[in-house]
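> compute the structure for the input listed below.
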Amino acid sequence: MKQLNASFFGLELSVSNDTLMTILLIVEAVICVLLVALMIYVLHRKKPTEAQQELAAAEPEPEPVPEPVPEPEPVRESVPVPVPVIVAEPEEEYEWRAVKSFMARYILSDDDVKGRYGNLKNIALGYERIRTRVSFKRESFFHRREALLRFFFRGKTLCLCLALDPAQFEGTKYHVEDLSELPSYADTPCMIRLTGSRKEKHAAELIGMVMEAYGIPAVERPAEDYYLPVQSEAELIEAGLIKMVKVRRDPNAFAHMSEGTEAAVHREVAAAEPEPVPEPAPVPVIVAEPEEYEWRAVKSFMARCILADDEVKGRYGNLKNIALGYERLRSHLSFKRESFYHGREALLRLFFRGKTLCICLALDPAQFEGTKYHVEDLSELPSYADTPCMLRITGSRKEKHAAELIGMVMEAYGIPAVERPAEEDSLPVQSEAELIEAGLIKMVKTRRSSSVFVQKEEGAEEGKHE
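Numbering: from 1, shown residues only. Model (predicted):
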């Protein structure tokens, strides 16, 4: 048996192996007893005693606290969305009326009225820096920014308004009217009705008074002929010089009153633009349009002729006089062109391609191949199938060729020439804004990529749009 020597607090101990093992077993047994006692204590603390259980049973259980009931949300009454109701307008309460422009009234007037208008216009333009502007209702004459004169119609009577005080002519030979209460004539309140040659003479004297009051000197200027041939109302509607407006059928709405300023106001409304009746419509839905759209100006034949230079106007006037110098030839002016008929046969057509005046004739283009007449064939275009032979009038030589071709057309149809005095269609140059206001240029919204109103230099598609 081995002996182990150890010192414990200065004491020398000698322990054998058997003794050491016994000590270890005793220590282990004590540890196990302590662990078991600890577990029993813990379990005993967790388990309630009988007294505690009886006390717990005697106490009443607390009543459960009711959960708060959420207040109901107020019920919102649904407001019905008003649905527009389209009510059909009784047809007997409305009618279509023609609103004639100043130019339309002038074209429809007799030769005496046109003569008075032309004479007074030449007198007014015979002064320094006087310019004219034609609107839908009237023609105004300006010196710089001052409006001095205005022509307009009341019914079939041509009237002239001047920048003079009407009060100074009371009791004189000038029987003028005072329009100073009308805002559109506040700057030219002195009105005279041009009912005859005597009133025309008085108007010329009044024009001289206006120019003298503003210190405007006279200048030398050749007189021009402003005569325009009579056209039908259907042609003027097509040209945009007469507008059709839907109005209520009221017999007193446009009655002409005989006396007073109120009469002037009612007559002014009747001669200008009757108030259109708004038609009921459904709720509008605004849809944003993409930027691929743009506004483009579509010029009529008359607008292109007015904007053309004097050489083009001269060629147009010469060829028109030649065509109308044959028996029973009549002209018809549409928005795009001017056509010449004999009976119901279309023989000639004048129109523009860009700034070039062109003429189409009722001839076969094939017969002019290899000749001096450089014509083009438009027979594939339905609108020119009866006049397929086209010639571009780019100079005096082409004008001479066009005159010869017109003679060939009349000879082919057996139409004799007649004696007819030549007329001068003198049209003063106007701005595009004035022509838009007069209805001779239309603003059309198109796609940017669209070529509907783009005039090409060459090609059949160009002819279709012309």
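> and the gap between the residue nearest to His202 when sequence neighbours are not counted and Thr195?
Excluding its sequence neighbours, the residue lying closest to His202 (C-beta to C-beta, 6 or more residues apart in numbering) is Tyr174, at 5.4 Å. Heads up, the C-betas are built off the backbone N, CA and C, glycines and all. Going from Tyr174 to Thr195 by C-beta to C-beta, to the nearest Å gives 13 Å.
> in this protein, where is pLDDT below threshold?
Counting by pLDDT under 70, the low-confidence segments of the chain come to 1-15, 46-92, 250-291, 425-426, 448-466.
> any idea how far the longest helix belonging to it is from the chain center?
For the chain, the helix that runs over the most residues, judged by DSSP state H, is helix 17-46. Here helix 17-46 is found 109 Å from its chain centre; the criterion is C-alpha atoms, centre = their mean, to the nearest Å.
> ditto for stretch 139-149
27 Å.
> and stretch 234-245, by the same measure?
So, by C-alpha atoms, centre = their mean, the centroid of stretch 234-245 is 18 Å from its chain's centroid.
> tell me which stretches of the stretch 51-200 of the chain form helices.
Using DSSP state H, counting those that start in this stretch, the helices of the stretch 51-200 of the chain run over 102-108, 111-124, 197-213.
> extract the CA atoms of the shortest one and return them as PDB.
Below are the C-alpha coordinates for helix 102-108, written out as PDB (Å, rounded to 0.1, in the frame of the first residue of the first chain):
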ATOM      1  CA  PHE A 102     -68.100  92.800 -96.100                       C
ATOM      2  CA  MET A 103     -66.500  91.200 -99.200                       C
ATOM      3  CA  ALA A 104     -69.600  89.100 -99.800                       C
ATOM      4  CA  ARG A 105     -71.900  92.100 -99.600                       C
ATOM      5  CA  TYR A 106     -69.600  94.000-102.000                       C
ATOM      6  CA  ILE A 107     -69.500  91.200-104.500                       C
ATOM      7  CA  LEU A 108     -73.300  90.900-104.400                       C
END
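> now it: buried residues?
Within helix 102-108, the residues that count as buried by 16 or more other C-beta atoms under 10 Å are Phe102, Met103, Ala104, Arg105, Tyr106, Ile107, Leu108.
> how many neighbours does the closest residue to Ala98 other than its chain neighbours have?
The shortest distance from Ala98 to any non-neighbouring residue, by C-beta to C-beta, 6+ apart, is to Ile242 (5.2 Å). Ile242: 21 surrounding residues under other C-beta atoms under 10 Å.
> who touches Ile242 in this structure?
For Ile242, the contacting residues are Ala98, Val99, Lys100, Ser101, Ala104, Glu233, Leu236, by C-beta atoms under 8 Å, 6 or more residues apart in numbering.
> apply 6 Å and report the result again.
Ala98, Lys100, Ala104, Leu236 (C-beta atoms under 6 Å, 6 or more residues apart in numbering).
> repeat for Phe169
Val176 are the contacts of Phe169 under C-beta under 6 Å, 6+ apart.
> any idea how far Met209 is from it?
Phe169 sits 10 Å away from Met209, going by C-beta to C-beta.
> with Glu28 instead?
Separation of Glu28 from Met209 (C-beta to C-beta) stands at 145 Å.
> more neighbours, those two?
Under the neighbour definition other C-beta under 10 Å, Glu28 and Met209 were set side by side, and Met209 has more, 16 against 10.
> so what's the residue count around the closest residue to that one other than its chain neighbours?
Nearest residue to Met209, sequence neighbours excluded (C-beta to C-beta, 6+ apart): Leu164, at 6.3 Å. Using other C-beta under 10 Å, Leu164 has 20 neighbouring residues.
> same deal with Gly126?
16.
> now do the contacts for it.
Neighbour list for Gly126: Ala218, Arg221 [criterion: C-beta under 6 Å, 6+ apart].
> over to Lys246?
Taking C-beta under 6 Å, 6+ apart, we find Lys246 in contact with Tyr94, Trp96.
> now it, what's its secondary structure?
strand (DSSP: H, G, I helix; E, B strand; the rest coil).
> change the start of the numbering to 7 and stick with it
Okay, using 7 as the starting number, the last item reads as Lys252.
> who does it bridge with?
Trp102 (DSSP bridges).
> where do the strands sit along the stretch 207-356 of the chain?
248-254, 299-305, 335-339, 343-348, 351-359 (DSSP state E, counting those that start in this stretch).
> tabulate those (CSV), appending distance to Tyr191.
Formatted as CSV, the strands of the stretch 207-356 of the chain follow (distance: least, C-beta to C-beta, whole Å):
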stretch, distance to Tyr191
strand 248-254, 22
strand 299-305, 30
strand 335-339, 32
strand 343-348, 36
strand 351-359, 37
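> can you tell me which of the ones you listed is nearest to Leu441?
strand 299-305 (7.6 Å; C-beta to C-beta).
> can you give me the buried ones in the closest one?
So, applying 16+ other C-beta under 10 Å, buried residues of strand 299-305: Lys305.
> ok, now stretch 437-445?
In stretch 437-445, counting by 16+ other C-beta under 10 Å, buried: Glu440, Leu441, Glu443, Ala444, Gly445.
> which of those fall in strands?
Using DSSP state E, no member of the buried residues of stretch 437-445 falls within strands.
> which of these fall in helices?
Glu440, Leu441, Glu443.
> take the residues you listed and lay them out in JSON lines including distance to Arg336.
Converted to JSON lines, these look like this (distance: C-beta to C-beta, whole Å):
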{"residue": "Glu440", "distance to Arg336": "29"}
{"residue": "Leu441", "distance to Arg336": "26"}
{"residue": "Glu443", "distance to Arg336": "30"}
